[in-house]
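>>> Sequence first, then the predicted structure:
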Amino acid sequence: MKHIPDLLWSETEKLLPKKNKKVGRPEFDNKRTLEGVIFVLRTNIQWCKLPEKYGIYTTVHGKYMKI
């Protein structure tokens, strides 16, 4: 999977929802999460089969549901 180019990421990052609260777990890397979402959509794999390099599949799926 090709990584998201920095120029595209700088524009895309503005559109993603941000965590408003300072309590709880820190926010996961949004760029890796988006790459994971794109990987699932392009390969049509199940969320639970997502490679670990994209993060925990439940986190990636949760971000996908908010987009």
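Good, I have the coordinates.
>>> Specify the residue positioned farthest from the middle of this protein.
Distance from the C-alpha centroid of the chain, by CA atoms, centre = their mean, peaks at residue 23 (20.5 Å).
>>> tell me the secondary structure for it?
coil (DSSP: H, G, I helix; E, B strand; the rest coil).
>>> Look up how far residue 62 lies from it.
Distance, residue 23 to residue 62, by CB to CB, to the nearest Å: 17 Å. Every residue, glycine included, has its C-beta placed from N, CA and C.
>>> Could you tell me which residues make contact with the residue farthest from the centre of the chain?
By CB atoms under 8 Å, 6 or more residues apart in numbering, residue 23 lies in contact with nothing.
>>> Likewise for residue 64?
Residues in contact with residue 64 (CB under 8 Å, 6+ apart) are 37, 40.
>>> distance of it from residue 16?
Counting by CB to CB, the gap from residue 64 to residue 16 is 11 Å.
>>> And for residue 65?
Shown here: residue 65 relative to residue 16, a distance of 13 Å by CB to CB.
>>> More neighbours: which of these two?
Neighbours around residue 65 and residue 16, counted as other CB atoms under 10 Å, are more numerous at residue 16. The numbers are 13 against 8.
>>> Pretty sure the more buried one sits against residue 37.
No. Assessed by CB atoms under 8 Å, residue 16 is found out of contact with residue 37, at 10.6 Å.
>>> where do the strands sit along the chain?
For the chain, strands defined by DSSP state E do not occur.
>>> buried set for stretch 28-38?
Buried residues in stretch 28-38, counting neighbours by 16 or more other CB atoms under 10 Å, are found at 28, 30, 32, 33, 34, 35, 36, 37.
>>> Need the pLDDT of the last one.
In other words, residue 37. Per-residue pLDDT puts residue 37 at 93.
>>> Okay, the residue nearest to it when sequence neighbours are not counted and residue 43: tell me how far apart.
Among residues not flanking residue 37 along the chain, residue 64 sits closest, at 4.7 Å (CB to CB, 6 or more residues apart in numbering). Between residue 64 and residue 43 the distance is 14 Å, computed by CB to CB.
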